[in-house]
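Enquirer: Whatever this is, show me its structure:
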Amino acid sequence: MSRFLSSGRDRCAGALLVSALAAFALAAPGLAQPEYGRLAVGILSPDAFVGRPVMVSAVQDGRIVTQYEVNLSKAPNKAHVTLDRLAPGTADVRVEGDGLVTEVKRGVQVFAGRDGLLQFVVQPGEGVHTVEYAIGGLAREEVAARLMKLEAAVSGLEARLVKP
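Expert: Numbers count the residues shown, from 1 in each chain. Coordinates of the predicted model:
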């Protein structure tokens, strides 16, 4: 009788081990994927501005999340910079420098584990030139994301208020 119980326990433990390994194997690919995205930025400028520095910034949720300064290069060699470790979602990218029109691209999508590419052409002058992508098309997704954040915040407040 004890041999039967022992083999039953062994089978149960073996089944648990196989289940745990299967769950880990299924979860591992999700864990291995990067949770950030990157944007490679190329900047073409007039020859008169070669060697001048420009600031390249990524803005998400109203704040600068990454920023690099790069010197402008002579065409056809463009200045390049990679904005890395960007959270998935929507970003605005700015290129600004002394004596140049500030270039802004709004609504750029950042995807986890993927690289994106943006091209900027800067011109001499003042002011700001803005290009907006997916105007109105992302409104539903943005509202849904904000609603999820709001619901999480309310749940957190409720949990604190319910404590005895």
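Enquirer: Ramachandran coordinates for Leu83?
Expert: Torsion angles at Leu83 (phi, psi; degrees, to the nearest 10) stand at phi -90, psi 110.
Enquirer: Show the contacting residues for it.
Expert: By C-beta atoms under 8 Å, 6 or more residues apart in numbering, the contact set of Leu83 is Arg38, Leu39, Ala40, Val41, Val56, Ala58, Thr66, Tyr68, Val93. (C-beta placed from N, C-alpha, C; glycine too.)
Enquirer: show me what contacts the fourth one?
Expert: Contacts were defined as C-beta under 8 Å, 6+ apart; by that measure Val41 touches Val56, His80, Val81, Thr82, Leu83, Val93, Val95, Leu117, Leu118, Gln119, Phe120.
Enquirer: do that again at 6 Å, thanks
Expert: By C-beta atoms under 6 Å, 6 or more residues apart in numbering, the contact list for Val41 reads Val56, Val81, Leu118.
Enquirer: Partner strands of the particular helix or strand that has the second one in it, with direction?
Expert: Just to be clear, that refers to Val81. Taking DSSP states H and E as the criterion, Val81 maps to strand 79-86. Partners of strand 79-86 in the sheet, by DSSP bridges, are strand 37-44 (antiparallel).
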